[in-house]
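Asker: predicted structure and sequence below. I'll ask about it afterward.
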Amino acid sequence: MGIERNKLIGFFGIGIFTYKTISGLSYSFSDLAKDLLILLDSEPSWTFWISELIGLILFVILINIIINRIFENYKTISENVLKYFIWSFSAYFIIQVIQISYPSIKSFFEFEVENLGITEYYGYLGNNYMLYFTQSIFYYLGEIIAIILIYNKTKNE
């Protein structure tokens, strides 16, 4: 069973924009959680670990949901590749607009209230350089889990 060239390119585009949407969405929720925890004067260490875990868990959950939906609806997606490509790009575009807008919106709230939690949080990160390495580990852990989920699903089908 061969696949048409235009469908293959369409699937590639769907994959790219779906992945970027999931990645952007999980990053946005992680960032929002971090900001909320800072606003609530949480300990900087708790803020760091909780926000990173939220990003990782959300990424893995969304990847798993999308993988299952693709396998359940492959025929429909295959028959409407262009439609799903446009949907995946649209979702990506909306997430990007939110990510670009969020810092501006957030700045209105930060300047209204004096919050020492922001200074404490970034001071905590500055004093613990390994946490930046840890952020990378969380990112790559999410990627590895996604690869394992995809591999297991394709191996079983």
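Answerer: Received it, and whenever you're ready, just let me know what you need.
Asker: give me the buried positions along the worst-scoring helix or strand of the chain on mean pLDDT.
Answerer: Lowest on mean pLDDT, DSSP states H and E among the helices and strands of the chain sits helix 116-127, with a mean of 85. With burial defined by 16 or more other C-beta atoms under 10 Å, the residues of helix 116-127 counted as buried are 117, 120-121. (C-beta placed from N, C-alpha, C; glycine too.)
Asker: stretch 94-109 now?
Answerer: Buried residues in stretch 94-109 (16+ other C-beta under 10 Å): Ile95.
Asker: could you do stretch 37-54 as well?
Answerer: For stretch 37-54, burial by neighbour count (16+ other C-beta under 10 Å) applies to 37-39, 42, 44, 47-48, 50-52, 54.
Asker: quickly check those for the two that are furthest apart.
Answerer: Spanning the widest gap among the buried residues of stretch 37-54 are Leu39 and Glu52, at 17.5 Å by C-beta to C-beta.
Asker: related to what we said a few turns ago, among the buried residues of helix 116-127, which one sits closest to Ile86?
Answerer: Tyr121 (39.3 Å).
Asker: how much space between the residue nearest to the closest one when sequence neighbours are not counted and Leu125?
Answerer: The spatially closest residue to Tyr121, leaving aside those adjacent along the chain, is Pro44, at 4.6 Å (C-beta to C-beta, 6 or more residues apart in numbering). Computed as C-beta to C-beta, to the nearest Å, the Pro44 to Leu125 distance reads 8 Å.
Asker: enumerate every residue touching Gln99.
Answerer: 24, 27-28 (C-beta atoms under 8 Å, 6 or more residues apart in numbering).
Asker: of these, grab the buried ones for ChimeraX.
Answerer: Entered in ChimeraX, the line below selects the buried ones among those, by 16+ other C-beta under 10 Å:
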select :24,27,28
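Asker: export the contacts of Gln99 as CSV, with columns for distance to Ile9 and pLDDT.
Answerer: Below are the contacts of Gln99 laid out as CSV (distance: C-beta to C-beta, whole Å; pLDDT from 0 to 100):
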residue, distance to Ile9, pLDDT
Gly24, 22, 95
Tyr27, 27, 94
Ser28, 28, 93
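Asker: many thanks, have a good one.
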